[in-house]
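# just to be clear, the model below is a prediction. Sequence and coordinates:
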Amino acid sequence: MNEPFKITELWAFVSQDKNGEEGVCGFRGPSGTFWPMVAADVKRLKDYFPIAEGISKESGMKIEVRRFSTMETLSVITPEGITHL
């Protein structure tokens, strides 16, 4: 039996402007929806590299890929409401 997929780490494509401000890169999908470039698995991470390269060339900004691997659950949201831990 396959184990369910669990998110244990996230990768984010982070750009920095000339003033030192950072932000998560993103792109508009075919439907116009904005997609932040955050991945929870290696396949998605690899898919984002060509997009990030294009963003860097177009914007002139450096983009770093950062891995976040510390997890803390802050809140749990259910149909019954929100529990802040």
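That came in fine, so what should we check first?
# center of this structure - which residue?
With distances taken as Cα atoms, centre = their mean, residue 38 lies nearest the centre of the chain, 1.3 Å away.
# which residue is the nearest non-sequential neighbour of that residue?
Nearest residue to residue 38, sequence neighbours excluded (Cβ to Cβ, 6 or more residues apart in numbering): residue 12, at 4.9 Å. C-beta here means a position set from N, CA and C on the backbone, and glycine is covered the same way.
# bridging residues for the closest residue to residue 47 other than its chain neighbours?
Spatial nearest neighbour of residue 47, excluding adjacent residues (Cβ to Cβ, 6+ apart): residue 39 at 7.9 Å. Assessed by DSSP bridges, residue 39 has beta-bridge partners residue 11.
# do you know how far residue 39 is from residue 19?
From residue 39 over to residue 19 the distance is 27 Å, taken as Cβ to Cβ, to the nearest Å.
# mind listing the strands for the protein?
With DSSP state E as the criterion, the chain has strands at 10-16, 22-24, 26-28, 34-36, 38-39, 63-68, 75-78, 81-84.
# turn the ones you listed into a markdown table, columns for distance to residue 52.
As requested, the strands of the chain are exported to a markdown table (distance: least, Cβ to Cβ, whole Å):
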| stretch | distance to residue 52 |
| --- | --- |
| strand 10-16 | 5 |
| strand 22-24 | 11 |
| strand 26-28 | 9 |
| strand 34-36 | 12 |
| strand 38-39 | 11 |
| strand 63-68 | 5 |
| strand 75-78 | 30 |
| strand 81-84 | 34 |
